[in-house]
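Colleague: Need coordinates for the below:
(one chain, ligands or ions: 1)
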Amino acid sequence: ESEEFLSLFQARVDREEKIEPNDPMPEGYRRTLVRQIGQHAHSEIVGMLPEGNWITRAPTLRRKIALLAKVQDEGGHGLYLYSAAETLGVSREQMTEELLSGKAKYSSIFNYPTLTWADIGAIGWLVDGAAIMNQIPLCRCSYGPYARAMIRVCKEESFHQRQGYEIMMALARGSDEQKEMAQDALNRWWWPSLMMFGPHDGESAHGEQSMAWKIKRFSNDELRQKFITATVPQAEFIGLTVPDPDLKFNAETGLYEHGEIDWVEFKAVVSGNGRMNRDRIRDRKQAHDDGAWVREAALAHAAKRAASRTV
Ligand code: FAQ
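Modeller: I've put the predicted structure just below:
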């Protein structure tokens, strides 16, 4: 790739032009998007598992309907994202294979267990809350198909966040036992939610280049900070305590300063050694194997239709 090609491409990005599938693009740009969109798609699909675990045990019919709709939305998000990645010349089969073989990553957050009903509240509130903070700027990503997919995803994530916060609010206003359950869920999900934003900027391998290409619009630390600042008052409002003794509001910057994240835990989870990594991939593989007949039937149907068209 010549210097001239790279600088013409950068100039297009700098003019805020959207890059579309058939446009010339640097190989690194394409690879970064395939990696990020693929990881994002896998996260949505694997993300169905921890919450799916509670559909049969939702406490009321209303809660069950909302949770069912949310988990189905996540499946839909995965599909838009796989389609967006496919516009970059990678097939869904290949991406699935990379997920199941452990080659492709998915978000660390989905490797934690959902132990109580309050975890469903905490996931909606914190995990979807973090996802929105990260994904709103992706609606302005330089790559057109990814940016457009993010618009509907973000609308749905907002509903998810509200449904989660409302569960937490109901528990926090309930009996002592329910309030304790809500606090316990916050204690367990707070730090993993902060890890969703990725390593500190100084350790972020792709951050700087992705920002220059306007794939990312904010750094990992900037988004994490915005999330903390938005979320701490929400915890206070429902009488829960964020489990960070070093958390301090800095009146000058208007931001919260937080304690250190356990990066050893983050690295362990990302490299496959979290509490639920093996279960998640096993369940995903099982679901994929169980769906083999659907793929076979769809292919047989497509082949039949193609054959009848050529006659
Ligand atoms: N987990 O150089 P960076 C959802 C990896 S929301 C695992 O900073 P980058 C909604 C990273 O891939 C969750 N791996 O990377 C939902 C890279 O690995 P590599 C999904 C992580 O890409 C809610 C290495 O570390 N959202 O699913 C994590 O510039 C509820 C170096 O890091 C997205 O994927 C992590 N937390 O920035 C669904 C959003 N963090 O490939 C169900 C789109 C970093 O070099 C229920 N993605 N890594 O080996 C992004 O914005 C970015 O990819 C970041 C990471 C910000 C995640």
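Colleague: Show the contacting residues for the residue in the stretch 1-150 of the chain positioned nearest to the ligand.
Modeller: Here the stretch 1-150 of the chain gets closest to the ligand at one residue, Gly47, 2.5 Å apart by CB to the nearest ligand atom. Quick note: C-beta positions are derived from backbone N, CA and C, even for glycine. Neighbour list for Gly47: 74, 106-107, 109-110, 127 [criterion: CB atoms under 8 Å, 6 or more residues apart in numbering].
Colleague: Recalculate using a threshold of 7 Å.
Modeller: Applying CB atoms under 7 Å, 6 or more residues apart in numbering to Gly47 gives the contacts 74, 110.
Colleague: Can you read off the backbone torsions of it?
Modeller: Backbone torsions of Gly47, given as degrees, to the nearest 10, read phi -60, psi -20.
Colleague: same deal with Lys248?
Modeller: phi -140, psi 140.
Colleague: number of nearby residues for it?
Modeller: The criterion is other CB atoms under 10 Å. On that basis, Lys248 has 12 neighbouring residues.
Colleague: Next: Val90.
Modeller: Burial of Val90 is recorded as 19 neighbouring residues (other CB under 10 Å).
Colleague: and if you look at Ile238?
Modeller: Counted by other CB under 10 Å, the residues lying close to Ile238 total 17.
Colleague: And Lys304, by the same measure?
Modeller: Residues near Lys304, counting by other CB under 10 Å, number 10.
Colleague: Got phi/psi on Ala185?
Modeller: Dihedral pair for Ala185: phi -70, psi -40, per degrees, to the nearest 10.
Colleague: swap that for Glu257, sorry
Modeller: In terms of degrees, to the nearest 10, the main-chain angles of Glu257 are phi -100, psi 130.
Colleague: And the spatially closest residue to it that is not a sequence neighbour, how close does it get to the ligand?
Modeller: Closest residue in space to Glu257, ignoring its immediate chain neighbours: Lys248 at 4.8 Å, by CB to CB, 6 or more residues apart in numbering. Using CB to the nearest ligand atom, to the nearest Å, Lys248 is found at 24 Å from the ligand.
Colleague: per-residue confidence at the nearest residue to Ser107 once chain neighbours are set aside?
Modeller: Nearest residue to Ser107 in three dimensions, chain neighbours excluded: Ser43, at 4.0 Å (CB to CB, 6+ apart). Note for Ser43: predicted pLDDT of 98.
Colleague: Give me the contacts around the host helix or strand of Ser43.
Modeller: According to DSSP states H and E, Ser43 maps onto helix 27-46. Applying CB under 7 Å, 6+ apart, the external contacts of helix 27-46 come out as 1, 74-75, 77-78, 81-82, 84-85, 88, 90, 95, 99, 104-107, 110, 143, 146, 206, 210, 213, 215, 280, 284.
Colleague: rewinding a little: so the residue nearest to Glu257 touches His258, yeah?
Modeller: No - counting by CB atoms under 7 Å, Lys248 sits too far from His258 to count as a contact (8.3 Å).
Colleague: hmm, which helix or strand of the chain has the shakiest average pLDDT?
Modeller: Least confident helix or strand, the chain: strand 255-257 with a mean of 89, by mean pLDDT, DSSP states H and E.
Colleague: and Leu68, how many neighbours?
Modeller: Counted with other CB under 10 Å, the neighbours of Leu68 add up to 14.
Colleague: my read: it touches Ile55, true?
Modeller: Yes - look at Leu68 against Ile55 with CB under 7 Å: they come within range, at 5.8 Å.
Colleague: Tell me how many other residues surround the closest residue to Ala118 other than its chain neighbours.
Modeller: What sits nearest to Ala118 in space, not counting adjacent residues and going by CB to CB, 6+ apart, is Ala185, at 3.8 Å. Per other CB under 10 Å, the neighbour tally for Ala185 reads 26.
Colleague: Same question for Met181.
Modeller: When neighbours are counted by other CB under 10 Å, Met181 registers 22.
Colleague: buried set for stretch 291-298?
Modeller: Of the residues in stretch 291-298, none count as buried by neighbour count, 16 or more other CB atoms under 10 Å.
Colleague: for stretch 36-55, same thing?
Modeller: By neighbour count on 16+ other CB under 10 Å, the buried set for stretch 36-55 is 36-54.
Colleague: Kindly report the same for stretch 90-97.
Modeller: By neighbour count on 16+ other CB under 10 Å, the buried set for stretch 90-97 is 90, 95-96.
Colleague: what's in contact with that stretch?
Modeller: 34, 38, 41, 82, 85-86, 104, 288.
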